[in-house]
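> pasting the structure only:
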């Protein structure tokens, strides 16, 4: 009898776990996701910045597994996990499993201020990306229409909250489009009047990187016109702008890149959670009391060799997913489980179109070389040849012309006419 | 003093009027549109059918005129026209004009049953196209999840109301994706169980074409699995399906391609309207009492040489737009206006990926040759080299592989997490 493996979440963790098991004759895999698509998260900021179209970084999960008849895919929202019964309750019915892999990722956390979300969307889904794109483009349209100098400023001020890789990448891209790309198309906007402000609560941006790379990133951002405000905590956000301890920044466009929290499913597992709400897993990434339940990616608390929890990054989720796939295989074969250890191939963040910072082991790289590395790695990992070529084409084009192809303002309500 | 020309609407009519005047030193053009993008309407059904991405058929109006400093572009919603005062009231303030070109297009008409719209979206905007795409893809997901045979049928039944070119193109594409493209990706759906039904109130589909081409189109549709129901009037639409005079068709996905009505601005002009609500214009496409106001495209009632009103088609709007641009030029130069006459280069409709019907003067073409003509003409007219190449690439790819790249289910609400 084939073993039933259910994987919840079609992100990097889930997809990679499923791929390891996809060819096995004695395993039936079912991938459940609320969405029909796998999202290449590291390039999502490019959709928000009108550089790429949603379809260039999102792929129907079904298509990824079309050649593997033993992998089923179902669009379903998991409502409840019942570890004692080996059962999942979803909006599409109940499912039993022999093995369960939870790879649900994380969502934005507003530190108890969910009311800020309306004014400062985060960047986790395609919808959020196109909403941010809409806001940025509308801000320029409004600034162009505005006659009164004093009311123009808030439309041309863009605040990004959170100085991690996502915040830095957004700020760099915003610095670029506001100075170069969009400026050419507008008649009344002086590009030197745009302000992009990156706010970070800690003492430096990119705190996961060494000091020197943080400094380099800040310098690179400055050259794109981005102001960085460190040691600055946001105390409130509303439709008019952002308040910090010592000032109010009038800004019509605010983007949240400050914090994440894991899936609410975690609370149902009856297992230990860390302060951030992540599930503390054993060395094989399973729950201590339910060894047939694995947790990977942003949802899991996995320690590195120094005892620190691994951050929520795509390569980590990918390695964890593949590892878990292999452990299920070993279980079925009656072999002992291994211990997970993350092989750090490096971390990087890009700043605009020709700069990046990267650390690979003890090596630190910055500037154009780091950016080229970033570009090649990201294109390599984009699943599916077609999209890789498309993305390369689009980037080459926007690199050479400073134009951006996906500058569409679309509305949320399809009822709107014309 | 430069003459001020305001063009309302960045569709085919408006863009072409603006292009004619864009280089003139003594004319200031302002293009107003509720949206920031020009939409290549004839390919919109491809977005609804997941074959193309929104950015491949939509272009920021600003970008189209970036090299013409005398053409301004503003995202604004026109609320009121005051012909006596030569003034427009918009949500972005008031504007005065010397010449006004109304090119606002049309929106869907539900013949007094606006409540049907929720259950049967039309296809005029990008948002509507992605909403239809969402519904079609979700229907397949639901059918895949459903265990009970009797409840599967409504998910796999797709009804298109309206047998004009849009309805036929949608039906052909739906026939194709339901039989070939999607079927490969699903494990439990039998593609022969999908039904695509095209409902037409009149005695035949494509009534603007000669009989023989209507018949050919119906035959071609049948070969793609599409049932055509002519002489069939829809009496109600709800969440469960479509009711006609003699039966109820259970269907979760209904698309409206049946009727259009022009902009509500028409009622404010104090000018004669036809039964369909279009403005009756003089031989120079201007209002009889206000010769400095022109109306073009779907919004205007323009007679052909046999006294019949011209239909709402892209090539007609383009010719009218260019004509009006030239008449404004002639007015300024003190020359007499010309009389508009439409040069009919032909009309065509495509049915799936290798068939079309076309009439060019007295010539009737159908089958693969007509489809190739259709393809070349549409790609040629797509504005901007880059997108033309991209679209060609995407089509070649889906033609060869039967895959569709843009199969994304995106939600309306960006607040949804994960």
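Happy to help now that I have it. What you are looking at is a predicted structure, and each value in this text was computed from that prediction instead of being measured.
> Return the residues of the stretch 101-250 of chain A in contact with chain B.
A:104-105, A:107-108, A:117, A:121, A:124-128, A:130-131, A:137-138, A:141, A:144-145, A:147, A:184-187 (CB under 8 Å from any CB of the partner chain). C-betas here are computed from N, CA, C, even on glycine.
> now with 7 Å?
For the stretch 101-250 of chain A, the residues in contact with chain B (CB under 7 Å from any CB of the partner chain) are A:104-105, A:107, A:117, A:121, A:124-128, A:131, A:137, A:141, A:144-145, A:184-185, A:187.
> List only those of the residues you listed flagged as buried.
By the neighbour-count criterion of 16 or more other CB atoms under 10 Å in any protein chain shown, those include these buried positions: A:104-105, A:107, A:117, A:121, A:124-128, A:131, A:137, A:141, A:144-145, A:185.
> can you map out the helices along the stretch 201-350 of chain A?
When assigned using DSSP state H, counting those that start in this stretch, the helices of the stretch 201-350 of chain A occupy the ranges A:211-223, A:314-332.
> right, so those helices: which one is the most enclosed?
Scoring those by mean neighbour count under mean count of other CB atoms under 10 Å in any protein chain shown gives helix A:314-332 as the most buried, with a mean of 22.
> ok, the closest residue to residue A:20 other than its chain neighbours to residue A:23 distance?
In space, residue A:20 comes closest to residue A:325 once its chain neighbours are excluded; the distance is 2.7 Å by CB to CB, 6 or more residues apart in numbering or on different chains. Applying CB to CB, to the nearest Å, the value for residue A:325 to residue A:23 is 11 Å.
> same question, residue A:274
With the distance defined as CB to CB, residue A:274 ends up 35 Å from residue A:23.
> start to end distance for stretch A:58-72?
In terms of CA to CA, to the nearest Å, the two terminal residues of stretch A:58-72 are separated by 19 Å.
> That one: which residues count as buried?
A:58-65, A:68, A:70-72.
> Likewise for stretch A:142-162?
Of all the residues in stretch A:142-162, those buried under the rule 16+ other CB under 10 Å are A:142-146, A:152-162.
> now, among those residues, which is nearest to chain B?
Each of these was checked against chain B using CB to the nearest CB; the closest is residue A:145, at 4.4 Å.
> which residue packs closest to the closest one, ignoring adjacent ones?
Skipping the residues right next to it in sequence, residue A:145 comes nearest to residue B:92 by CB to CB, 6+ apart, at 4.4 Å.
> Enumerate every residue touching that neighbour.
With contact set as CB atoms under 7 Å, 6 or more residues apart in numbering or on different chains, residue B:92 has these partners: A:145, B:74, B:76.
> What of residue A:374?
With contacts defined as CB under 7 Å, 6+ apart, residue A:374 is in contact with A:348, A:350, A:356, A:358.
> change it to 10 Å
By CB atoms under 10 Å, 6 or more residues apart in numbering or on different chains, residue A:374 lies in contact with A:42, A:169, A:348-351, A:355-358, A:365.
> before we move on, what about residue A:229?
With CB under 10 Å, 6+ apart as the criterion, the residues that contact residue A:229 are A:159, A:163, A:197-201, A:205, A:244, A:246-247, A:249.
> Who is it paired with across the strands?
On DSSP bridges, the residues paired with residue A:229 through beta bridges are residue A:199.
> Residue of the stretch 151-300 of chain A closest to chain B, please.
Residue of the stretch 151-300 of chain A nearest chain B, by CB to the nearest CB: residue A:185 (4.1 Å).
> how near is that residue to residue B:25?
In this view, residue A:185 and residue B:25 are 21 Å apart by CB to CB.
> do residue A:292 as well
Residue A:292 sits 77 Å away from residue B:25, going by CB to CB.
> do the same with residue A:353
Using CB to CB, we find residue A:353 at a distance of 36 Å from residue B:25.
> neighbour-wise, which of the two wins?
residue A:353 (19 against 7; other CB atoms under 10 Å in any protein chain shown).
> Correct me if wrong, but that one is in a strand.
No. Going by DSSP: H, G, I helix; E, B strand; the rest coil, the assignment for residue A:353 is coil, not a strand.
> these two touch, right, it and residue A:51?
Yes. The criterion here is CB atoms under 10 Å, and residue A:353 meets it with residue A:51 at 9.2 Å.
> Quick one, which of the contacts of residue A:229 has the minimum pLDDT?
Sorting those by pLDDT puts residue A:246 at the bottom of the list (91).
> Test my guess that it contacts residue A:232.
Yes. Contact between residue A:246 and residue A:232 holds when scored by CB under 10 Å: they sit 8.1 Å apart.
> Among the two, which residue is more densely surrounded?
In this comparison of residue A:246 against residue A:232, neighbours counted by other CB under 10 Å, the higher total goes to residue A:232 at 21 against 9.
> what sits against the more buried one?
With contacts taken as CB under 10 Å, 6+ apart, residue A:232 has the following neighbours: A:161, A:163, A:197-202, A:242, A:244-247, A:249.
> what's the answer for residue A:67, then?
When contacts are counted by CB under 10 Å, 6+ apart, residue A:67 is found next to A:22-23, B:184.
> ok, and the most crowded of the contacts of residue A:374?
residue A:351 (30 neighbours).
> picking that back up, any chance of the helices of the stretch 201-350 of chain A in a markdown table, with distance to residue B:86 too?
Putting the helices of the stretch 201-350 of chain A into a markdown table (distance: least, CB to CB, whole Å) gives the following:
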| stretch | distance to residue B:86 |
| --- | --- |
| helix A:211-223 | 48 |
| helix A:314-332 | 58 |
